[in-house]
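Asker: here's my sequence, what's the structure:
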Amino acid sequence: MEHKPVYYSEYLELERILNSQHPVSFQEGNTPAHDEMLFIVIHQAYELWFKQILFEVQSVIDIMEKPEINDNSSELQFVVHRLQRVSTILMLLVQQIEILDTMTPMDFLDFRDMLRPASGFQSIQFKILEAKLGLAFEQRHGKAYYTSQLTPADVEIIKKVESQPSLVQLLNKWLERMPFFDDKEIWKNFAGGSFWDEYKTIYENSLGEGEKLNAKAFQSVIFGDDSGEYRALSPKASRAALFIILYRGHPMLELPFQFLNTLIQIDNQLGNWRSKHVNMVRRMIGTRTGTGGSTGAGYLQGAMDKHYIYRELSQLHSFLIDRRRLPQLPQKLIEKLGYKFC
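Answerer: Predicted coordinates:
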């Protein structure tokens, strides 16, 4: 098949993209506000990056939805690599706010009232991203306001996404499939009898006087209780994740650890973005309401405090002990955690 020549601007559809900025203040009868062009370009760039992030996250979900991920294939490597790309893009989005910060509050007021009731809160792609990563509707800040500013069509899109398996749900299933603790043959001669009973004893003995409440949290997260607290990760999944973090130096656990660590990095970058956003909004409009009718900085602060999707992974770091005190693993398990050569 003969290759058809590709021209740069046609391939990128630059004519359509570069002619998609239509400042309201430049319309007939209004006074042109110079910084509205920057405002539009910044937000269009955000949406393009959101599209790329969703493309990467969906590809990861497609892999994770498989009944089994082959540890000796490239699948887990693809998952880690693509999520690391997402983290890097989010880092860029945090830095991009600094460009928007070159606009002063008075510059913004030149066109702000013309934007009502449009708001960044109406970004359907960002809401889809949060849902796909695993932010459950029940755990959202301001649930009553969450879809109130969306069109009926966009509300249906969000509801459909929320009904599908999220990445955190698939992570839970993947962690629960970790086989090592179901193999009684591996542990039959383990000196401590039960790995987690021995680990619990070592952990509790390592706690300082002001950390005793951590023992109760350990019991709840690792063994489960009836507290009724919402948790995305089951005790079995939490045990597997903690084991991966503790023994990440073993070859077979290197990629799983990178997977978990990258999810934490994504959470941190989203937190950084929300923090910068809150500070920017406070600088721009103080305590005024948002153009979409939200409480402005107050709403954003609440979302920043609550919307940590992989908080449970970070919480596991509270249960670490000095590596020199880690229980010695059975030789059979050490062999399984080494590289497999055909």
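Asker: hey, let's count contacts and neighbours off CA atoms from now on
Answerer: OK.
Asker: and the nearest residue to Leu133 once chain neighbours are set aside, what's its pLDDT?
Answerer: Nearest-residue entry for Leu133: Leu167, 5.0 Å, with adjacent residues in sequence omitted and distances by C-alpha to C-alpha, 6 or more residues apart in numbering. Per-residue confidence at Leu167 stands at 97 (pLDDT).
Asker: could you do Ser148 as well?
Answerer: 71.
Asker: quick check: it vs Ile42, distance?
Answerer: 25 Å (C-alpha to C-alpha, to the nearest Å).
Asker: show me which of these two is the more surrounded one.
Answerer: It is Ile42, of Ser148 and Ile42, that has more neighbours when counted by other C-alpha atoms under 10 Å, with 16 against 13.
Asker: tell me the contacts of the residue nearest to that one when sequence neighbours are not counted?
Answerer: With C-alpha to C-alpha, 6+ apart as the criterion, Ile42 has its nearest non-adjacent residue at 7.2 Å, and that residue is Leu100. Applying C-alpha atoms under 8 Å, 6 or more residues apart in numbering, we find Leu100 in contact with 38-39, 42.
Asker: determine the longest helix present in the chain.
Answerer: helix 251-285 (DSSP state H).
Asker: now for Pro105: which residues touch it?
Answerer: Counting by C-alpha under 8 Å, 6+ apart, Pro105 has contacts 283-285.
Asker: switch to 7 Å and redo it
Answerer: Counting by C-alpha atoms under 7 Å, 6 or more residues apart in numbering, Pro105 touches 284-285.
Asker: ok so, going back, looking at the contacts of Leu100, spot the one nearest Ser206.
Answerer: Ile42 (49.3 Å; C-alpha to C-alpha).
Asker: quick check: buried residues in the helix or strand that contains that closest one?
Answerer: Assigned by DSSP states H and E, Ile42 falls within helix 36-64. Neighbour-count burial for helix 36-64, counted by 16 or more other C-alpha atoms under 10 Å, picks out 36-39, 42, 46-47, 49-50, 53-54, 56-58, 60-61, 63-64.
Asker: repeat for stretch 9-28
Answerer: Residues of stretch 9-28 classed as buried by neighbour count (16+ other C-alpha under 10 Å): 23-25.
Asker: skipping adjacent residues, who's closest to Ser318 in space?
Answerer: Asn214 (7.5 Å).
Asker: quick check: chain neighbours aside, which residue is closest to Arg231?
Answerer: Leaving aside its sequence neighbours, Arg231 sits nearest to Glu312 (C-alpha to C-alpha, 6+ apart; 7.7 Å).
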